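Visitor: sequence and predicted structure, then a few things I'm wondering about:
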Amino acid sequence: MKSHDGARCRELLERLSRYIDGELEGRERRSLMAHLRQCPCCEEFAESLRRTVLLCQQAGRRRLPAEVRARARARIAELMAESTRG
Amino acid sequence: MTRARIKRSGAAAQPESGAAGSASTAVTANPVTKSTGTNPSVQARAIREDGDYASLLRAVQAGDTQAMERLLMRAQEVAYRFSQLVCGHADDAEDAMQEALLKTYRYATRIREPEAFKTWLYRTVKNACLIGRRRRVNQPAHLLSLDDLVPTMDGRRQPVEAVDPGRRPDEHAMNAALRRRLRSALAALPAPYRLVVFLREMEGLSTREVAKVTGISEANVKTRLHRARLFLRQELDKS
């Protein structure tokens, strides 16, 4: 098992987002994956970062609260009615 | 209705330079699947949403009133989420929604390239929220560098530790407590980074689209996103 605090781990940290986003290819990707297999701490860190990304994605696109949606609908109705009159 | 404060005067909103002629319809998803590097559900959602904007615009321009209503609701939804998650001031949300409503209404029938609408909408909402923030006396200026905040792996500062399996950020279903933790973590993030996280992760914009909305290079978008992710991971792991 390799040491966790070496230059290889620091380099890995800078490339993790590209790895998570599927932007690493070829040898660069294989090299990083090989390191993750050998360094449990880095592997755990990568997984933790990936879960954080998922959490953010899940938090997006939530529906508006009912009362906010109702006010939004009312604004649209008034605007549309005004445009019809005008 | 006083809250709506609907005004029909004023010049039509125009797309900012660079938006109308070059916005792409293709949306890069936020792939997270370990094995393949892609997340089909996110990608499909992003493509569908982007396609909806363009098709909605075309329907609006063909005189479809229901399409206009859907577009106006969409614009207000974006403004609400932006206010809540980026600006962090719930009181500003209604003003931002109103602004998005009116500008979208004026702009929707005039836009020449429907594919440009999406980035125009996010820029418009961003500007509306920023105007609201400037009115506030105590708005904190988040201009510090995340280099000082993110964990390092050099052993001189806080080393990266293996996370406690019992405290994994998304181990449980997305519930109210978890959303509060994420919101707190987002609030602690400097605003320029929070904006990128919101646009890229939460709204599903591509790196190119985020660059257009924020006015920074795609390389800087990626850098900010990476640092923001590291920071959020650390914050969520602490709480």
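Guide: That came through, no problem.
Visitor: where does pLDDT dip in chain B?
Guide: Where chain B drops to pLDDT under 70, the residues are B:1-51, B:89-90, B:132-175, B:239.
Visitor: what helix or strand is the most centrally placed residue in chain A located in?
Guide: By CA atoms, centre = their mean, chain A has its centre lying nearest to A:Val53, at 2.9 Å. Element membership of A:Val53 [criterion: DSSP states H and E] is helix A:40-59.
Visitor: pLDDT of that helix, averaged?
Guide: What helix A:40-59 shows for mean pLDDT is 91.
Visitor: how about stretch A:13-25?
Guide: Rounded mean pLDDT across stretch A:13-25 is 91.
Visitor: quick check, that stretch touching chain B?
Guide: Yes - in terms of CB under 8 Å from any CB of the partner chain, part of stretch A:13-25 sits within range of chain B, namely A:Leu13, A:Glu14, A:Leu16, A:Ser17, A:Arg18, A:Tyr19, A:Ile20, A:Asp21, A:Gly22, A:Glu23, A:Leu24. In short, each C-beta sits where N, CA and C put it, glycine included.
Visitor: now that stretch: buried residues?
Guide: By 16 or more other CB atoms under 10 Å in any protein chain shown, the buried positions in stretch A:13-25 come out as A:Leu13, A:Arg15, A:Leu16, A:Ser17, A:Arg18, A:Tyr19, A:Ile20, A:Asp21, A:Gly22, A:Glu23, A:Leu24.
Visitor: spit out the contact partners of the third one.
Guide: What it means is A:Leu16. Neighbour list for A:Leu16: A:Phe45, A:Ala46, A:Leu49, B:His226 [criterion: CB atoms under 8 Å, 6 or more residues apart in numbering or on different chains].
Visitor: okay, now A:Ala81: neighbour count?
Guide: A:Ala81: 11 surrounding residues under other CB atoms under 10 Å in any protein chain shown.
Visitor: ignore what I typed, I meant A:Ala34.
Guide: 10.
Visitor: please enumerate the helices of the chain.
Guide: Chain wasn't specified; assuming chain A. Ranges of helices in chain A, per DSSP state H, are A:7-20, A:26-38, A:40-59, A:66-85.
Visitor: actually chain B
Guide: With DSSP H as the criterion, chain B has helices spanning B:40-61, B:65-82, B:90-108, B:117-134, B:176-188, B:191-197, B:207-214, B:218-238.
Visitor: from the contact counts, what lies against the shortest one?
Guide: Under the contact definition 3 or more CB pairs under 8 Å, 6 or more residues apart in numbering or on different chains; DSSP states H and E, helix B:191-197 sits against helix B:176-188, helix B:207-214, helix B:218-238.
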